[in-house]
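Enquirer: need a 3D model of the following:
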Amino acid sequence: MLSPKYLKYCTLVFILEVLLLAVFSSPNYILKVMAIEGVSIEDALGPETLRRIDADASEAFSSLFVDSGVYAGVWYTFVPTPDERTASEGIETMASGLFSWVDDRLTTCMILLFQVVERLELMKLWLPFSFFVVLGACYTGMTLRHIKQGNFAFASPSVHRLSLRIILVMLTLLPIFLMLPLPLSPYIYPIMYSITAFMIQAIIANVAKRL
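Expert: Purely as a prediction, here's the structure:
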């Protein structure tokens with residue numbers, strides 16, 4: 001349904017986004033974005049929800065990156081320890097500027113990863129809502145399909161293909177969306193789920209009739 005060229009462009013955009021954020025963004029800026037998002041979550045869903053998201057995100061981040069050794073391994077790979085710098089005269093002379101910059105970039109990347117995990121936790125929090133919305137959309141789509149079967153109405157293959165394509169486009173753009181260095185409203189996730197449910201309804205309603 002999606003062309004290889006589109007998927008290639010999405011991949012390139014995602015890689016470019018990550019590289020630009022890693023090189024030009026700063027830990028303080030990402031933390032500021034996270035703080036603004038936290039305030040909006042607290043205002044919209046309450047302080048208990050914010051604490052739950054923070055706790056779940058911290059647990060997931062620790063399990064994925066800290067306990068697994070990834071976090072320490074990244075620093076060990078790219079930033080020499082003080083003993084390693086002392087042991088090499090070449091590294092010792094250039095370490096003051098270069099490795100400080102590398103350390104700052106790695107910190108930015110890890111904060112960005114934590115931000116992505118927090119956004120995924122918020123998406124997961126909206127899943128019960130999405131379940132009922134999608135369930136209702138499926139029922140409505142099946143009802144519309146039965147009506148079309150009964151009165152020989154036209155089931156549009158164009159609408160069917162377009163709806164499926166919109167869902168696939170949303171899925172491919174999700175990684176880019178989650179990495180956006182801008183504060184996101186907590187209400188954007190139920191909107192995404194609602195759009196997906198509406199597309200599912202259109203897909204089911206326009207399945208080719210078989211009598």
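
Enquirer: C-alpha only now, for contacts and for neighbours.
Expert: Will do.

Enquirer: host element of residue 103?
Expert: Using DSSP states H and E, residue 103 sits in helix 89-125.

Enquirer: what is that helix packed up against?
Expert: Helix 89-125 sits against helix 4-24, helix 27-45, helix 47-61, helix 70-78, helix 82-87, helix 157-178, with contacts defined as 3 or more CA pairs under 8 Å, 6 or more residues apart in numbering; DSSP states H and E.

Enquirer: 10 Å instead, please
Expert: In terms of contacts (3 or more CA pairs under 10 Å, 6 or more residues apart in numbering; DSSP states H and E), helix 89-125 is packed against helix 4-24, helix 27-45, helix 47-61, helix 70-78, helix 82-87, helix 127-151, helix 157-178, helix 188-205.

Enquirer: where among those helices is average confidence lowest?
Expert: Of all the helices and strands packed on helix 89-125, helix 82-87 carries the lowest average pLDDT, namely a mean of 58.

Enquirer: ok, and the closest non-adjacent residue to residue 72?
Expert: Excluding its sequence neighbours, the residue lying closest to residue 72 (CA to CA, 6 or more residues apart in numbering) is residue 66, at 7.1 Å.

Enquirer: now the spatially most central residue of the chain, nearest residue through space, not along the chain?
Expert: The C-alpha lying nearest the average C-alpha coordinate of the chain belongs to residue 178 (CA atoms, centre = their mean; 3.2 Å). Sequence neighbours aside, residue 116 is the residue nearest to residue 178 in space, at 5.7 Å (criterion: CA to CA, 6+ apart).

Enquirer: what about the one you found, neighbour count?
Expert: Residue 116 is flanked by 19 other residues according to other CA atoms under 10 Å.

Enquirer: any idea how far it lies from residue 180?
Expert: Residue 116 sits 9 Å away from residue 180, going by CA to CA, to the nearest Å.
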